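J.: build me a model:
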Amino acid sequence: MKLSRRTILLAAGSLPFATASLRTGAIAQTTAAAPGNEVPPILFVHGNGDYDALWMTTLWRMESNGIARDRMAAINFTDPNARTDDKVEQANRSSTEDQRRELTAAIAELKHRTGAARVALVGSSRGGYAIRNVIKNGGAGDVSHAVLCGTPNHGVFATDDQPNSEFNGRGAFLRALNEGESEVTPGVAFLTLRSDGMDKFAQADGRFIGKPGTPTGVTNEGPELKGATNLVLGALDHREVAFHPRAFREIYKFIAGREPARIAIVPEPVVRLSGLVTGTPGGVPTNRPVAGATVDIFRVDPDTGERKGGAVHSATTGADGRWGPAQIEPSWSLEFVLTSPGAPITHIYRSPFPRSSDVVHLRAARPLGPADKDAGAVVIMSRPRGYFGLPRDVVLLDGKEPADVKLGVPTDSAATLRLAAGEVGRNIVAQFGEERIVARAWAAQENRIAIAELTY
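T.: Numbering: from 1, shown residues only. So this is what the prediction gives:
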């Protein structure tokens, strides 16, 4: 049964969203803790087309609250994009069964590594499908908690077309997951986190999925589950309900059974970074390793983007696609130069890394296309852990709100600036909220693209 809505006051009043709404069929789950109040190992599961690197800031916040690094893991699905038809094989795309199999193996590995009987699972978007699929089909005994962040549990759409799409609420996959009076599996504590109207994949009108004016058959409440604790996190977007500090607070509280001691990330004195180089075969993003790519890392001036000396790290990837480790200072702004076979030379500018991470993954920019043919330089501002919302957010690229970011419900995670040939070499400021990155404009005729990649 669904209880009436009530308001929960945040303990951290400085956070930008001051209230959350609770909709639940099991209030006792709101502070569910592991046996003996010990926090179970936690496995993070990314969404469609994504990779485990998106959980980097969440991992840092967990570490800053005393969760040991070796008691956490984040899966990197081989082919993160869903098939158009779940039953039909498609190059570089995965089925629901592919993801269930890979997640089952990752759970077993984490249990073996930690000696724990059960683990907690946290999923963003499509990642919640894999979590529910594992739990419902024999894996409930391995899982203590399941946190589903923006997962379209009743579909991105619920219509009679595309019956074999896993995102169709009327399709076989979701009907099987949602059958029964309760939509959760007994013995596992379930939490859903959703947006209050700002999730582009929980909308009644189809314009956000390319079908303007066509009813989707779903609502803002689509991510909720009968029998779960269902929290509404205000005006967060589809990705922010997983990666925003506001979401972290609820994830930690639900799994640990107590408030986090801090929301802020505690810096480490020495930082070591490493990661994976991946590619886009056939134009589809995958998490398959790329061999023979070179990674050069430069320290740059945070105000100008200019390099401070030579490379602080250089590497060429082997068959495993890995680069690093590189030792840096937590105060350094960085430029990663990725030279990957068959792709533009990509200059990735990043804010300082306050803590170590082995999921600093690099993927080359998309090839220069027809829209870039007259550009002297191309600079992209990218926000992997959320979307740009106007007028919700402060979003400035080279001092202006980007023309390719749409107003209203946040739908865009990248903005592109094209410059004339005479502007090659100048600095470009990318500003989102309080995060500010200065990139340099590199010559497009040299097959180079610059990306200002936001961390927060």
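J.: for stretch 58-75, buried residues please.
T.: The neighbour-count check on stretch 58-75 (16 or more other Cβ atoms under 10 Å) flags 58-65, 67, 71-75 as buried. C-betas here are computed from N, CA, C, even on glycine.
J.: among those, which one sits closest to L174?
T.: I75 (21.3 Å; Cβ to Cβ).
J.: what segments of the stretch 201-350 of the chain are strands?
T.: 229-232, 271-278, 294-300, 313-316, 322-328, 333-339, 345-350 (DSSP state E, counting those that start in this stretch).
J.: what residues does the third one touch?
T.: Right, strand 294-300. Contacts with strand 294-300, where a contact means Cβ atoms under 8 Å, 6 or more residues apart in numbering, come from 277, 306-317, 323-324, 326, 328, 332-339, 349, 362, 438.
J.: would you mark the buried spots in the longest helix seen in the chain?
T.: Looking across the chain with DSSP state H, the single longest helix is helix 96-114. Residues of helix 96-114 classed as buried by neighbour count (16+ other Cβ under 10 Å): T96, D98, Q99, R100, E102, L103, T104, A106, I107, L110, K111, T114.
J.: mind checking pLDDT for the closest residue to the last one other than its chain neighbours?
T.: Leaving aside its chain neighbours, T114 sits nearest to P41 (4.5 Å; criterion: Cβ to Cβ, 6 or more residues apart in numbering). Predicted confidence (pLDDT) at P41: the value is 98.
J.: and the residue nearest to S357 when sequence neighbours are not counted, how far from T304?
T.: Counting by Cβ to Cβ, 6+ apart, S357 lies nearest to M56, which is 5.2 Å off, once chain neighbours are set aside. M56 sits 26 Å away from T304, going by Cβ to Cβ, to the nearest Å.
J.: over to Y51?
T.: For Y51, the distance to T304 - Cβ to Cβ - is 30 Å.
J.: of these two, which one has the most company?
T.: Neighbour totals were compared for Y51 and T304, and Y51 leads with 23 against 13 (other Cβ atoms under 10 Å).
J.: center of this structure - which residue?
T.: By Cα atoms, centre = their mean, the chain has its centre lying nearest to L54, at 4.0 Å.
J.: need the contact list for P289.
T.: Applying Cβ under 8 Å, 6+ apart, we find P289 in contact with L276, V277, T278, T317, A319, D320, G321, R322.
J.: can you name the residues bridging to it?
T.: P289 has these beta-bridge partners by DSSP bridges: T278.
J.: worst-scoring helix or strand of the protein, pLDDT-wise?
T.: In the chain, the helix or strand scored least confidently by mean pLDDT, DSSP states H and E is strand 6-9, which has a mean of 29.
J.: R170 against D161, yeah?
T.: No. At 9.4 Å, R170 does not count as touching D161 under the criterion of Cβ atoms under 8 Å.
J.: neighbour count winner among those two?
T.: R170 (17 against 8).
J.: does that one sit in a helix, a strand or a coil?
T.: Following DSSP: H, G, I helix; E, B strand; the rest coil, R170 is assigned to coil.
J.: could you measure from it over to H154?
T.: Computed as Cβ to Cβ, the R170 to H154 distance reads 10 Å.
J.: now swap in K226 and tell me
T.: On the measure of Cβ to Cβ, K226 and H154 end up 10 Å apart.
J.: of the two, who's got more company?
T.: H154 (23 against 18).
J.: show the contacting residues for A106.
T.: Counting by Cβ under 8 Å, 6+ apart, A106 makes contact with L43, A73, I75.
J.: and the spatially closest residue to T411 that is not a sequence neighbour, what does it touch?
T.: Once flanking residues are discounted, T411 sits nearest to K200: 4.8 Å by Cβ to Cβ, 6+ apart. Listed by Cβ under 8 Å, 6+ apart, the contact set of K200 reads F208, D237, H238, Y387, V409, P410, T411.
J.: possible to save those residues as JSON lines with distance to V147 and pLDDT?
T.: JSON lines is the format used below for those (distance: Cβ to Cβ, whole Å; pLDDT from 0 to 100):
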{"residue": "F208", "distance to V147": "24", "pLDDT": "91"}
{"residue": "D237", "distance to V147": "18", "pLDDT": "98"}
{"residue": "H238", "distance to V147": "16", "pLDDT": "98"}
{"residue": "Y387", "distance to V147": "21", "pLDDT": "98"}
{"residue": "V409", "distance to V147": "23", "pLDDT": "97"}
{"residue": "P410", "distance to V147": "22", "pLDDT": "98"}
{"residue": "T411", "distance to V147": "24", "pLDDT": "97"}
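J.: of the residues you listed, closest to G283?
T.: Distance to G283, by Cβ to Cβ, is smallest for T411 among those, at 20.3 Å.
J.: doesn't R383 make contact with that closest one?
T.: No. The criterion here is Cβ under 8 Å, and T411 misses it with R383 at 11.9 Å.
J.: the more surrounded of the two?
T.: Neighbour count, other Cβ under 10 Å: between T411 and R383, R383 has more, with 26 against 19.
J.: out of the contacts of strand 294-300, which are buried?
T.: 277, 312-313, 315, 317, 323-324, 326, 328, 332-339, 349, 362, 438.
J.: list the contacts for the closest residue to S274 other than its chain neighbours?
T.: Closest residue to S274 apart from its sequence neighbours, by Cβ to Cβ, 6+ apart: G324 at 2.7 Å. Applying Cβ under 8 Å, 6+ apart, we find G324 in contact with R272, L273, S274, G275, V295, H313, A315, D358, V360.
J.: and those as a markdown table, adding distance to N92 and pLDDT?
T.: Compiled in a markdown table, the contacts of G324 are given as follows (distance: Cβ to Cβ, whole Å; pLDDT from 0 to 100):
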| residue | distance to N92 | pLDDT |
| --- | --- | --- |
| R272 | 31 | 98 |
| L273 | 27 | 98 |
| S274 | 25 | 98 |
| G275 | 20 | 98 |
| V295 | 23 | 98 |
| H313 | 30 | 98 |
| A315 | 25 | 96 |
| D358 | 24 | 97 |
| V360 | 23 | 98 |
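J.: who wins on neighbours among those?
T.: If you count neighbours using other Cβ under 10 Å, the busiest of the contacts of G324 is V295, which has 25 neighbours.
J.: is that one in a bridge, and if so with what?
T.: Residues in a beta bridge with V295, per DSSP bridges, are A315, L338.
J.: under a three-state scheme, what state does the residue nearest to T411 occupy?
T.: Here K200 takes the coil state, with states given by three-state DSSP.
J.: state the phi and psi torsions of it.
T.: Backbone torsions of K200, given as degrees, to the nearest 10, read phi -70, psi -20.
J.: and it, how far from H361?
T.: Remark: distance between K200 and H361 (Cβ to Cβ) = 24 Å.
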